[in-house]
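*Asks:* The following block contains a protein sequence and its predicted model.
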Amino acid sequence: MPTEGFPAPESGMLLTYFLSVADVPRSRAFYADVLGGEVVLAENPCTVRLANSWIIMNPGGGPTPDKPGITLRPPEDVSSASCFLNIRVADIEAVHRDWSAKGAQFITGPIDRKAEIRCYLRDPDGYLIEVGQATGMLRGVYADPPPGRSDRTDDPPP
């Protein structure tokens with residue numbers, strides 16, 4: 001197996017994102033052709049380098065000795081999510097136009113949220129993907145705290 005570009009560090013660590021997918025070729029095409037990733041390994045597991053990260057995709061499956069009692073599967077209810085892929089870009093308007101032209105279905109267009117401009121889309125299995133561009137936060141303007149909370153523990157010191 002060729003290993004050039006495969007996420008296997010010689011020291012330290014790197015981060016990959018694993019997705020259980022219903023159709024590997026369909027998902028591989030989305031992450032490579034729509035989002036612009038590079039296919040490093042087509043199958044078992046499908047590995048796509050996307051910018052400075054990797055997306056690893058395989059069909060779901062039942063428990064294994066190293067994850068007893070755990071079944072992997074694509075999302076069943078796309079109206080809720082417990083995690084999502086967060087992609088930071090330099091020009092969100094250009095990315096939104098480019099990916100839309102390639103078939104990406106965004107939930108909304110880019111919305112200015114003071115600290116950043118962001119929008120969301122879903123991959124073919126319904127995984128949520130945030131696309132954002134830092135704007136205000138580069139000038140010290142941060143997101144409003146969640147409703148009911150007035151303190152900001154993540155603000156930088158004055």
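*Replies:* Arrived safely.
*Asks:* Give me the below-cutoff pLDDT ranges for this protein.
*Replies:* Where the chain drops to pLDDT under 70, the residues are 1-3, 150-158.
*Asks:* run the last query once more with 80
*Replies:* Scanning the chain with the threshold set as pLDDT under 80 gives 1-5, 144-146, 149-158.
*Asks:* can you give me the strands in it?
*Replies:* Ranges of strands within the chain are 16-21, 38-41, 46-50, 53-59, 85-88, 111-112, 116-122, 128-134, based on DSSP state E.
*Asks:* Highest mean neighbour count across these, which stretch is it?
*Replies:* Neighbour counts averaged per stretch over the strands of the chain are highest for strand 46-50, at a mean of 21; criterion: mean count of other CB atoms under 10 Å. C-beta coordinates here come from the backbone N, C-alpha and C atoms, glycine included.
*Asks:* before we move on, back to that, between the strands of the chain, which gets nearest to residue 6?
*Replies:* Counting by CB to CB, residue 6 lies closest to strand 38-41 out of the strands of the chain; the figure is 5.4 Å.
*Asks:* re the thing from before, so which of the strands of the chain gets nearest residue 102?
*Replies:* With CB to CB as the criterion, residue 102 lies closest to strand 116-122 of the strands of the chain, at 11.3 Å.
*Asks:* Report the distance from that closest one to the chain centre.
*Replies:* 11 Å (CA atoms, centre = their mean, to the nearest Å).
*Asks:* what angle do it and strand 128-134 make?
*Replies:* Between the axes of strand 116-122 and strand 128-134, defined by axes from the mean of the first three to the mean of the last three CA atoms, to 10 degrees, the angle is 160 degrees.
*Asks:* which residues touch strand 116-122?
*Replies:* Outside strand 116-122, the residues that touch it by CB atoms under 8 Å, 6 or more residues apart in numbering are 78, 84, 92, 96, 99, 104-111, 128-137, 143.
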